[in-house]
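Enquirer: What follows is a predicted structure for the sequence shown.
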Amino acid sequence: MPNDGQQYIKPDSMIVVRDLYKSFGENHVLQGLNLEVTRGEDMVVIGGSGTGKSVLIKCIIGLIKPDKGTIFVDGEDMTSFNEAMLNEMRKKFGMLFQFGALFDSMPVWENVGFGLKQHTNLKDDDIRGIVTEKLNLVGLKGIEELMPSELSGGMKKRVSLARAIAMEPEILLYDEPTTGLDPIMADVINELIIQLREKLRVTSIAITHDMVSAYKIGDRIAMLYKGKIIEIGTPDEIRNSKNEIVQQFIQGKSEGPITRGE
Amino acid sequence: MLKFFDFLGSLVIRFIEESGRIMLLFIKTLMWTFRPPLNLKNIVRQMEEVGVNSIPVVLIMSIFTGMVLALQSYTGFRRFNAEAFVGTVVALSMVRELGPVLSGLMVSGRVGAAMAAELGTMQVTEQVDALYALATNPIKFLIVPRFLAALFVMPVLVILSDIIGIIGGYLVSVTLLGTNSTIYIKRTWDYMKLDDIYTGLLKACVFGIIIATISCYQGFNTRGGAEGVGKATTKAVVLSSLTILISNYFITAMMF
Ligand SMILES: Nc1ncnc2c1ncn2[C@@H]1O[C@H](COP(=O)(O)OP(=O)(O)O)[C@@H](O)[C@H]1O
Ligand SMILES: [Mg+2]
């Protein structure tokens, strides 16, 4: 669908967020946020806990309706979509939730194969084949019949990742992919995210406050602060940023403009 | 004083708002119910959960209710020599009122709580969001099966409850109170109309809808972790029980 002229979208932009606002009562979470993600890029959004990182990606996939602003996904303004169109759009997405959000009532293979079961006519045997392949891709073997409650935190995240990529989406959203994992497991996940981008050529947005992960997986890093993106650039540019807020955050210092409440 | 009215006013507004949202969910559920495909596997699983697992409590509740009804109405009726009508009263009370209402309350306590807790947990652990993200509508996937299960299983439970209640009354009357067995059965059958049974079954269906809709609504609107799930569960049981009792009066009045 062509854009309405006044809002020009670069053809290589996969996701464009313009002037996004979202409040919950008096809690003004997003206040005029702008962000552009290029096709095939791995964008990392960093920011403190409770700054609205999850709200941002939930707006992008249509789980939260913004108060104001537009979001273009693959050139289309999804804020004007109805529920059926949103549903169609979501098939382009895969999402890794912070705690996995695996369905408790289903074994691993049904979790990973959920999208295939719902949206294709594949037989269970074929679905199992694809599930095994995706599980192998995230480094898991022989756990198809286990229930989510039998998995460790790191395994849950990887199964959830397998579920997110099962339908071969064009866009992947990662909500704090490494939070709560030990450093080694965190690095395994980082490596997986990098591999996936190379193997599947997906566009992705990862939100995190783990700087090790951000530097490692990000093509570009954007910092969210007080409802806006205050700085955006390559990992090197962010590392050398002159912005005191960014410096305090990436160095993890308790003294600085963020804690002074500026 | 003004503050009190302020408070009362906001309470009324909240009540109307909430009722409106529940109605909206009910309408959406209906719409999704008629949109194919039907997920038979999920429906059967829920019927098992709602129905099969509720049978023991409903049986125990019904037999004792039938028994106590027989005792109480015997005590009263003997005072004007109408003992012969115990069977009629037990049967009518069970079929028109106590079967549906007590089963409704039992099921809302057992099943309503479980629905609210399960969906509430799914909500706070982002499993409901995950369904959306996987391009699957949670109303279709989670609520419709529960709704259909409650709607179809409640009448079955109520029929079971009626029969067991009547048997309870019979046992007490015949073995304890020395009523003639043939007369008791005759009095039970002769005065029972098809209307009585219809009223009871209509109530059962309405109560099933109430339990599923309110409990699923509470589950879907759960906020704030494990504590929120607890609150949603309590609210689901209290609200659906009250709604059952209130709507019970109006259905009875309507069919009067
Ligand atoms: N559905 C919601 N209802 C009300 N408040 C919400 C909701 N989702 C998020 N919030 C609030 O928005 C703020 C940002 O939350 P979130 O995006 O989860 O932060 P984070 O950056 O840690 O992911 C928090 O203050 C949170 O309480
Ligand atoms: Mg978050």
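Expert: Sure thing, it's come through. Ligands and ions are numbered 1, 2, ... in the order given.

Enquirer: Can you tell me which residue is spatially central in the chain?
Expert: The chain I'm using is chain A. For chain A, A:Leu173 is the residue whose C-alpha lies nearest the centre (C-alpha atoms, centre = their mean; 2.1 Å).

Enquirer: Please refer instead to chain B.
Expert: For chain B, the residue nearest the mean C-alpha position is B:Gly104 (2.2 Å; C-alpha atoms, centre = their mean).

Enquirer: Spell out which parts of chain B neighbour chain A.
Expert: By C-beta under 8 Å from any C-beta of the partner chain, the residues of chain B that approach chain A are B:121-122, B:125-127, B:129-130, B:132-137. The C-beta positions use only the backbone N, C-alpha and C, and glycine is treated the same way.

Enquirer: which residues of the stretch 51-200 of chain B fall in strands?
Expert: For the stretch 51-200 of chain B, applying DSSP state E, counting those that start in this stretch gives no strands.

Enquirer: the helices in it, which residues?
Expert: B:55-78, B:86-92, B:99-107, B:113-124, B:127-133, B:138, B:144-171, B:181-190, B:194-220 (DSSP state H, counting those that start in this stretch).

Enquirer: try the stretch 51-200 of chain A
Expert: Here the stretch 51-200 of chain A has its helices, by DSSP H, counting those that start in this stretch, at A:53-60, A:83-90, A:108-112, A:114-119, A:124-137, A:153-165, A:183-200.

Enquirer: Distance from whatever helix or strand comes next after the longest one to the middle of the chain?
Expert: If you walk from helix A:183-200 toward the C-terminus, the next helix or strand you reach (DSSP states H and E) is strand A:203-208. The chain centroid and the centroid of strand A:203-208 are separated by 4 Å under C-alpha atoms, centre = their mean, to the nearest Å.

Enquirer: What average pLDDT does strand A:203-208 get?
Expert: For strand A:203-208, the mean per-residue pLDDT is 94.

Enquirer: Report the angle between that strand and helix A:53-60.
Expert: 150 degrees (axes from the mean of the first three to the mean of the last three C-alpha atoms, to 10 degrees).

Enquirer: For strand A:203-208, C-alpha coordinates in PDB please.
Expert: Provided in PDB are the C-alpha atoms of strand A:203-208 (Å, rounded to 0.1, in the frame of the first residue of the first chain):
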ATOM      1  CA  THR A 203      15.100  -7.600  11.000                       C
ATOM      2  CA  SER A 204      15.100  -7.500  14.700                       C
ATOM      3  CA  ILE A 205      14.600  -5.300  17.700                       C
ATOM      4  CA  ALA A 206      16.000  -6.400  21.000                       C
ATOM      5  CA  ILE A 207      15.400  -4.500  24.200                       C
ATOM      6  CA  THR A 208      17.700  -5.000  27.100                       C
END
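
Enquirer: what does the very next helix or strand once past that strand rub up against?
Expert: Downstream of strand A:203-208, the next assigned helix or strand under DSSP H and E is helix A:211-217. For helix A:211-217, contacts defined as C-beta atoms under 8 Å, 6 or more residues apart in numbering or on different chains pick out A:42, A:44, A:46, A:177-178, A:183, A:186-187, A:189-190, A:193-194, A:206, A:208, A:221, A:235, A:239, A:250, A:252.

Enquirer: just to revisit the earlier point, so for ligand 1, which of the helices of the stretch 51-200 of chain A sits nearest?
Expert: helix A:53-60 (3.2 Å; C-beta to the nearest ligand atom).

Enquirer: so what secondary structure elements neighbour the one helix or strand in chain B whose mean pLDDT sits lowest?
Expert: One helix or strand of chain B scores below all others by mean pLDDT, DSSP states H and E: helix B:181-190, with a mean of 84. Where contact means 3 or more C-beta pairs under 8 Å, 6 or more residues apart in numbering or on different chains; DSSP states H and E, helix B:181-190 is packed against helix B:86-92, helix B:144-171.

Enquirer: and the residue in the stretch 151-262 of chain A that ligand 1 sits nearest to, bridged to which residues?
Expert: Closest approach between the stretch 151-262 of chain A and ligand 1, counting by C-beta to the nearest ligand atom: A:Ile207, at 6.6 Å. Beta-bridge partners recorded for A:Ile207 (DSSP bridges): A:Val45, A:Asp175.
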